[in-house]
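Peer 1: One predicted model, sequence on top.
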Amino acid sequence: MKICVTAAEVDLNAPVDPRFGRCQYFVFVDSDTMAFEAMPNQALAAPGGAGIQAAQAMVSKGVDVLISGNIGPNAFQVLSAAGVKVATGAYGTVKEAVEMYKSGKLSETGASSVATYAGMGMGGGRVGGRGRGMGRGMGTGMQQSMPPQPQAPLTPRTKEEELEQLTDLTKRLEKELEDVKRRLEELKRR
């Protein structure tokens, strides 16, 4: 099965990029062999419709499953219409996200996870507000401040499964907190 994971870099150890339409890269992984290839997201700097353009690229690449942190309604509709399964709430590395999906810890979603036009706004045109004023700043700017939405855990069947799920959730939240703390320190040093 061909799985695509949104990523901040170009390998299996890259962090998952929580955005779909404006992610940095797409990493395509063969779920059986874990062989991969990466490509930059051509829709990243699009003035509008980035999610739709990115979704169309996934369809043209023959992706079976898309894994990301979040996905908007237009992109979700394009992917669903093409039969591409979508799993949101991903975190960690690309490899970890694929493993979570394969083991059933990251399930498919039946709807978008962000509001329409969530990735628009702020007028930056580039990640981190270091753009060159390419946008008009007319959107809501929600993506800039909205963290990935946690995915509802699968209903555990046993005490051991619930314990494993809660342990995994704790690890994820601890990692996210460390990432936030690290980013705060980076910003303070600038």
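Peer 2: The structure has been received and is ready for your questions.

Peer 1: any low-confidence regions in the protein?
Peer 2: Of all residues in the chain, those with pLDDT under 70 make up the ranges 110-157, 161, 169.

Peer 1: What ranges does it have for its helices?
Peer 2: For the chain, the helices defined by DSSP state H occupy 50-60, 73-81, 94-102, 142-145, 159-189.

Peer 1: CSV for those helices, including mean neighbour count and distance to residue 6?
Peer 2: The way it works is simple: take the backbone N, C-alpha and C, and place the C-beta from them, glycine included. Shown next, in CSV, are the helices of the chain (neighbours: other CB atoms under 10 Å; distance: least, CB to CB, whole Å):
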stretch, mean neighbour count, distance to residue 6
helix 50-60, 20, 9
helix 73-81, 19, 11
helix 94-102, 22, 9
helix 142-145, 15, 13
helix 159-189, 11, 16
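
Peer 1: could you dump the ones you listed to a markdown table with distance to residue 38?
Peer 2: Shown next, in a markdown table, are the helices of the chain (distance: least, CB to CB, whole Å):
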| stretch | distance to residue 38 |
| --- | --- |
| helix 50-60 | 13 |
| helix 73-81 | 19 |
| helix 94-102 | 9 |
| helix 142-145 | 22 |
| helix 159-189 | 21 |
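
Peer 1: so who does residue 86 touch?
Peer 2: Contact partners of residue 86, counting by CB atoms under 8 Å, 6 or more residues apart in numbering, are 65, 66, 68, 71, 76, 79, 80, 108, 109.

Peer 1: 7 Å - rerun?
Peer 2: Going by CB atoms under 7 Å, 6 or more residues apart in numbering, residue 86 touches 66, 71, 76, 79, 108, 109.

Peer 1: Excluding chain neighbours, what is closest to the fourth one?
Peer 2: This points to residue 79. Ranked by CB to CB, 6 or more residues apart in numbering and with sequence neighbours excluded, the top spatial neighbour of residue 79 is residue 55, at 5.0 Å.
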